[in-house]
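> Here's a sequence, model it:
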Amino acid sequence: MTAASTPPPAPEPDVTLERREAWRAAWGVGIAVSAYGVSFGALAVASGLSVWQACVLSLVMFSGGSQFALIGVIASGGASAGPAAIAGATLLGLRNGLYAVRVSPIVGPGVLKRLVAGHLTIDESTAVSTAQRHPEAQRVGFWATGVIIYIGWNVMTLVGALVGDLLGDVRAYGLDAAAAAAFLGLVWPRLRALEPVAVAVGAAIVAVVTIPLLPPGIPVLAAALVGVAGGLLGVWRRRRDTESITGEQP
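Sure thing, here's the model as predicted:
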């Protein structure tokens, strides 16, 4: 092959631009999700928790799905529903362990840093970080999203707990839809190939079918396992294709 026919090298990614895009995504998702904290604060107090109990839940648990599952069961059964509430919240929180496997290389080494990162490993911080291409932008996406939502969620939990009675039924404001829309807007650009679309559709079907049949938390884990299985299958297929191509070369 002559020098004239050698393809030009791929352009270097603009790290500054990617960092800026990661910050933009972090703020967009963070604001939408944080606003939903008002709903949790108001519903937690309406379920029988005190203001400080609602705030401690957000500070320590910091997992929206688990928090709503907890207060939902408590509201329906009082103190006797405690074991069921804890079990449901735990099952929902287990998905964060799956996320930790994915974001561990992004976070990097360091015991203290990993401890803090473990608390900030949620749906949104994982999605924003993995949506970036450059490792530095991935780190920005993870930490910026996690910190913004942690601060915003806890502030809005306090606001909702204090003024929940003045807001009326906070579910009527559709804040849950705003958070879901922000998350969908982040994930949608990644659904360009057949493989991620098939995995997303499969996970959605599993979630829809199992929600009426299984306890809270199980449908989320089942849908997450579909995504994990699809990802592992894709990695195995790409590795097989690579080995096949390499084996054909002299």
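> Okay, buried residues for the helix or strand containing residue 199 please.
Residue 199 is located in helix 194-210, with elements delineated by DSSP states H and E. Judged by neighbour count (16 or more other CB atoms under 10 Å), helix 194-210 contains these buried residues: 196, 199-200, 203, 206-207, 210. In short, each C-beta sits where N, CA and C put it, glycine included.
> and what of stretch 29-49?
29-30, 32-47, 49.
> what's the answer for stretch 118-127, then?
Along stretch 118-127, these residues count as buried under the neighbour rule (16+ other CB under 10 Å): 120-127.
> Out of those residues, which two are the most distant from each other?
Between all members of those, the longest pairwise span (CB to CB) is found for 120 and 127 and amounts to 12.9 Å.
> Among the buried residues of stretch 118-127, which are located in strands?
Members of the buried residues of stretch 118-127 lying in strands (criterion: DSSP state E): none.
> ok, those vs residue 214, which is closest?
Proximity of the buried residues of stretch 118-127 to residue 214 was ranked by CB to CB; the top entry is residue 123 with 19.6 Å.
> Please tell me the pLDDT value assigned to that closest one.
Listed pLDDT for residue 123 reads 83.
> Could you do residue 191 as well?
We note a pLDDT of 59 for residue 191 in this prediction.
> now swap in the one 4 residues further on and tell me
Reported pLDDT at residue 195 in the predicted model: 64.
> Kindly report the same for residue 198.
pLDDT, the model's per-residue confidence, is 73 for residue 198.
> So it versus residue 225, what's the distance?
Residue 198 sits 15 Å away from residue 225, going by CB to CB, to the nearest Å.
> same question, residue 117
When CB to CB is applied, the distance between residue 117 and residue 225 equals 23 Å.
> which of the two has more neighbours?
Neighbour tally, residue 117 and residue 225, criterion other CB atoms under 10 Å: the higher count belongs to residue 117, 20 against 14.
> before we move on, back to that, which helices and strands does the helix holding residue 199 pack with?
Helices and strands touching helix 194-210, as assessed by 3 or more CB pairs under 8 Å, 6 or more residues apart in numbering; DSSP states H and E, comprise helix 218-248.
> Setting aside sequence neighbours, what's the nearest residue to residue 53?
Nearest non-adjacent residue to residue 53, counting by CB to CB, 6 or more residues apart in numbering: residue 44, 7.3 Å away.
> ok so, going back, of the buried residues of stretch 118-127, closest to residue 97?
In terms of CB to CB, no member of these lies closer to residue 97 than residue 121, at 8.6 Å.
> In contact with that closest one, which residues?
If you count contacts by CB atoms under 8 Å, 6 or more residues apart in numbering, residue 121 has them with 96, 99-100, 103, 146.
> quick one: it from residue 25, how far?
Relative to residue 25, residue 121 is positioned 17 Å away (criterion: CB to CB).
> go on, residue 214?
Distance from residue 214 to residue 25, by CB to CB: 32 Å.
> do residue 125 as well
Where residue 25 is concerned, residue 125 sits at a distance of 11 Å (CB to CB).
> follow-up on the earlier one: with respect to residue 158, which of the buried residues of helix 194-210 is nearest?
After measuring the buried residues of helix 194-210 against residue 158 - CB to CB - the closest member comes out as residue 207, at 31.3 Å.
> how close does the closest one sit to residue 161?
Between residue 207 and residue 161 the computed distance is 30 Å (CB to CB).
> Now do residue 28 against residue 41, distance only.
As for residue 28, its distance to residue 41 is 22 Å (criterion: CB to CB).
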